[in-house]
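Asker: Whatever this is, show me its structure:
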Amino acid sequence: MRFDLFNELSVPTFTGRSEAEVFSATLDQWAFAETLGFDTGWLVEHHFMPEYSHSTSPGLFLAAASQRTQRLRLGHAIIPLPYHHPVQVAEQVATLDVLSGGRIEFGYGRGFSPTEYEAFGRHMRDSRSYTAEALAIIRQAFTRGRVDFQGEHFQLRELDVLPRVLQAPHPPIWAAAVSPESFELAAREGVGVLVGPFKPWFMVREDIRLYRDAWQHHHGQDTPPPEKNARIAMTVGVHCHADHRTARREAREGFVWLYRHLLGQTREILERLYESYEYYRRFGKLGTLMGKAISLSVLETLGMTIVGDPAHCRRRLQELREAGVDHVLCAFGAGVMAQDQTESGMRLFAEQVMPDFAD
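Answerer: Next comes the predicted model:
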């Protein structure tokens, strides 16, 4: 099991920190994480979400992080392909791969915000077909360095795409997965799955079973796709302290704030029925109830956070490992706790939790 960092670049008013301070503190955390043995730093892409996420240009942040670190891998979690031209995505990911010396992880998805779709001139009903074509083009660029593609959304003839990625055959590819259909599609494409932080564990556990079964169906054991094997990464809010009660007291305000805002970002799509996003309605009532009754205890019960002493963290992580999760994307301190508390929790987690899960 590998342990990564996950950040939204949240700038809540109650912390009193500016955007510049949040960006600087996050870069410091990633550099610190590298010394502790964490594997990857992941960054989202969101737009028009004040306080909750100011990560609108993750590629620029990852470029900065590539110069602050030497070993830490750097991940997009995720690039919403309908908002971007796939050739430009391929160029930008390759540039990051070169700058980082071959340390980029490429995560893609459809996005989920109606506001973003409207602002960028896309239709949510086309999200799956657009994403499928974009992924095919990006893979051509990664593996051939040239793109020749004729589809519904793109008509491209013999384009040289530069620079070339350093990793062979290309950077690891991950797909954001929420609905069971998305898990099946990721397995068919032969890519890893990135499980977001807003779905309860009892639902994710069933999705993982579906993904692994679908992987076996599509690829078996003898003809693995380029990624070689199924990979499951799950995002959870994490805070670790030597004293269990102290951990929960320190985490309560920030974690409740983050998850309340996270669920709020999905409210628009839950309240309206958008074509190709019907699955969101199926757990819309659960999200509404959680938004009203959210607490750290509720989040822990639903398996969306890991907050406590090292022994508690180890027990919760063992459950994830037994279900097949091999990457844990840790949102330490929910991205909003004080820097000293967050880094102290990271150190304790690295020293007393991670060794029990070393490969």
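
Asker: backbone phi and psi for the residue nearest to the spatial centre of the chain, please?
Answerer: The chain has Ala77 as the residue nearest its centroid, 3.6 Å off, counting by C-alpha atoms, centre = their mean. Main-chain dihedrals, Ala77, degrees, to the nearest 10: phi -140, psi 70.

Asker: any idea how far Met1 is from Pro50?
Answerer: Between Met1 and Pro50 the computed distance is 35 Å (C-beta to C-beta, to the nearest Å). For every residue, glycine as well, the C-beta is placed using N, CA and C.

Asker: The two - which one has more neighbours?
Answerer: Comparing Met1 with Pro50 by neighbour count (other C-beta atoms under 10 Å), the higher total belongs to Met1, at 16 against 10.

Asker: now that one, nearest residue through space, not along the chain?
Answerer: Phe357 (4.1 Å; C-beta to C-beta, 6 or more residues apart in numbering).

Asker: before we move on, back to that, wait, isn't the residue nearest to the centre of the chain in contact with Val193?
Answerer: No: using C-beta atoms under 8 Å, Ala77 makes no contact with Val193, being 11.3 Å away.

Asker: Could you check the pLDDT of the residue nearest to Met1?
Answerer: Among the per-residue scores, Phe357 shows a pLDDT of 96.

Asker: pretty sure it contacts Glu322?
Answerer: No: look at Phe357 against Glu322 with C-beta under 8 Å: they stay out of range, at 11.4 Å.

Asker: who does the longest strand that the chain contains touch, helix- and strand-wise?
Answerer: The longest strand of the chain (DSSP state E) is strand 232-240. When contacts are defined as 3 or more C-beta pairs under 8 Å, 6 or more residues apart in numbering; DSSP states H and E, strand 232-240 packs onto strand 192-195, helix 201-219, helix 244-265, strand 305-308, helix 310-323, strand 327-332, helix 339-352.

Asker: What mean pLDDT does the first one get?
Answerer: Right, the one you point to is strand 192-195. The pLDDT scores in strand 192-195 average 96.

Asker: Next: stretch 327-338.
Answerer: Here the average pLDDT along stretch 327-338 is 97.

Asker: overlap in contacts of Ala77 and Val193?
Answerer: Common neighbours of Ala77 and Val193, using C-beta atoms under 8 Å, 6 or more residues apart in numbering, are Trp174, Ala176.

Asker: ok, back up a step: quick check: angle from the longest strand of the chain to strand 327-332?
Answerer: 30 degrees (axes from the mean of the first three to the mean of the last three C-alpha atoms, to 10 degrees).

Asker: quick one: strand 232-240 to helix 244-265, angle?
Answerer: Interaxial angle, strand 232-240 versus helix 244-265 (the same axes, to 10 degrees): 130 degrees.

Asker: for strand 232-240, which positions count as buried?
Answerer: By 16 or more other C-beta atoms under 10 Å, the buried positions in strand 232-240 come out as Ile232, Ala233, Met234, Thr235, Val236, Gly237, Val238, His239, Cys240.
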